[in-house]
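> please find the sequence and the predicted model below.
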Amino acid sequence: MIDTLHIEAFTNRSRKLQACIHCGLCLEACPTYLVTGEEMSSPRGRLYLMKALEDGRIEATDEKFIEHENSCLVCRSCETACPSGVEFGILMEQTREIIDGARKPKLLRKFIYIKLLGNPTLIRILQFPIAILSKTGAVRLFEKTFDLKNSPFKRFASSLQLLPNDVSFPAKRLPMYPALIKKRGAVGLLLGCIGDLFTSQVNDATINVLNQLGYDVHTIPEITCCGALAAHSGFGDRARELALNVIETLESSTVNYFISNIAGCGAMLKDYSKLFEGTPNYDRAIKVRKKMRDISEFLLEFHKDELLQMNLALPTKTMIGYQAPCHLYHGQQIKDAPLELLKLIGDADTFAFEENDICCGSAGTYNIEHPEMGEALLERKMSIIGKHQPDIIATANAGCLMQLVKGVRESGSQMQVKHVIEILSESMSER
């Protein structure tokens, strides 16, 4: 029998595994199962393997076991479909932590998830060459010159393909952006360690909207990373270290609410209690959740009527198709708020795409670590989007934004891809 003490260290893991009743309702909700049709590439199959590990029937170093567990996007679509409430997301993160504990992680992965994420100095240093590659068009030229999809360096190629055309040079954020009208409150904006690097315009738009609604926006520079990417990738100790820093920082904050415009970060903060289940930090994590809001959730909860009275409008009649991020739709169970906000904009024909609850293939760093599956899911998504040809593809997460921009560029389309809050900010400016 395999020593299972490392598994038992996770509170209630056995009970959570036993919650699966093997009904199979998760299968058609799972992106990897939709592509492969393989049982072991479904949530039910992966849970079966997790149970086999716990029972000592397989080793954590088994290559097939690792392959199937690591090919999951952790999109949590299965959680929405599951009638038994299986907590698949945290089970998968724990499983990957067990795998990484049983074998030595590669140096590059250790550097990214332990040294780089949560280190703003290193990120700012890397931002200079990334900005040069982006602004000079060198990346796009490289794409045209070489067949990146069939390159032996697929992960590196996938990273290059995701780079936006307008990555900015490092610019220090102000600690606070004051309200533009009579102050009604103060909120903290979680900038995101990678979000403010690749999609800083989304944070600009978020600040603008909140300022126009009367909020002082604090950027809380002490928060360097929420730990989501580390947790998804099996670096649990690092994820808990980063999460504890966030909790301690937010506990000392006097703002009314904490706002996120990155679905994955927001889901992570709301789920800190799962990360610290069975520890003294559990109650502290619950308190953070109570003040945590996605930007779309916050605006719809407190300002829907006010936004409606603003007569929001874009310069021309616009068709907007909304693609939901997995960690907003499934992780936070926020399904309608972004769409309802967009429908407040006059002269905008807004709708949700078919398979709106299926992942686009981004999933944090998944599209880099698993480029073939990431590309297959993006092609599936772009096929659906192509049938509608909207003027704007709207989403609500930095990773999804970059993945869909890549899809549009590869398709040769003129469609724009924007975060919901960017569109809302533009509609306020056009009044």
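Perfect, thanks for sending it. Numbering: from 1, shown residues only.
> the chain: strands as residue ranges?
For the chain, strands defined by DSSP state E occupy the ranges 176-177, 185-190, 215-218, 257-260, 292-294, 313-322, 346-352, 392-395, 416-419.
> right, so of these, which gets closest to Leu34?
Of all the strands of the chain, strand 346-352 sits nearest to Leu34, with 18.4 Å by C-beta to C-beta. Quick note: C-beta positions are derived from backbone N, CA and C, even for glycine.
> to Thr206, which of the strands of the chain lies closest?
Using C-beta to C-beta as the measure, strand 185-190 is the one of the strands of the chain that comes nearest Thr206, at 6.1 Å.
> buried stuff in the closest one?
186-190 (16 or more other C-beta atoms under 10 Å).
> and stretch 55-66, by the same measure?
Quick answer for stretch 55-66 (16+ other C-beta under 10 Å): 58, 60, 62, 65-66.
> sorry, back to before: with mean pLDDT and distance to Ser158 as extra columns, can I get the strands of the chain in CSV?
As requested, the strands of the chain are exported to CSV (pLDDT from 0 to 100; distance: least, C-beta to C-beta, whole Å):
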stretch, mean pLDDT, distance to Ser158
strand 176-177, 97, 35
strand 185-190, 96, 26
strand 215-218, 98, 34
strand 257-260, 97, 25
strand 292-294, 97, 27
strand 313-322, 95, 25
strand 346-352, 94, 27
strand 392-395, 98, 19
strand 416-419, 97, 18
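> I'd like the buried residues of strand 185-190 written out as a markdown table, with distance to Gly386 added.
Below are these laid out as a markdown table (distance: C-beta to C-beta, whole Å):
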| residue | distance to Gly386 |
| --- | --- |
| Ala186 | 43 |
| Val187 | 38 |
| Gly188 | 39 |
| Leu189 | 34 |
| Leu190 | 34 |
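> which among those residues gets closest to Asn12?
Leu190 (28.4 Å).
> what bridges to that closest one?
Applying DSSP bridges to Leu190 gives these bridge partners: Ser260.
> return the residues in contact with it.
Applying C-beta atoms under 8 Å, 6 or more residues apart in numbering, we find Leu190 in contact with 220, 223, 226, 258-260, 262, 265-266, 269.
> swap in Pro83?
Counted by C-beta under 8 Å, 6+ apart, Pro83 has contacts 21, 23, 25.
> now with 10 Å?
Going by C-beta atoms under 10 Å, 6 or more residues apart in numbering, Pro83 touches 21, 23, 25-26.
> can you put those in TSV and add distance to Ala396, pLDDT and neighbour count?
Shown next, in TSV, are those (distance: C-beta to C-beta, whole Å; pLDDT from 0 to 100; neighbours: other C-beta atoms under 10 Å):
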residue	distance to Ala396	pLDDT	neighbour count
Ile21	32	94	12
Cys23	30	95	12
Leu25	26	95	14
Cys26	24	96	26
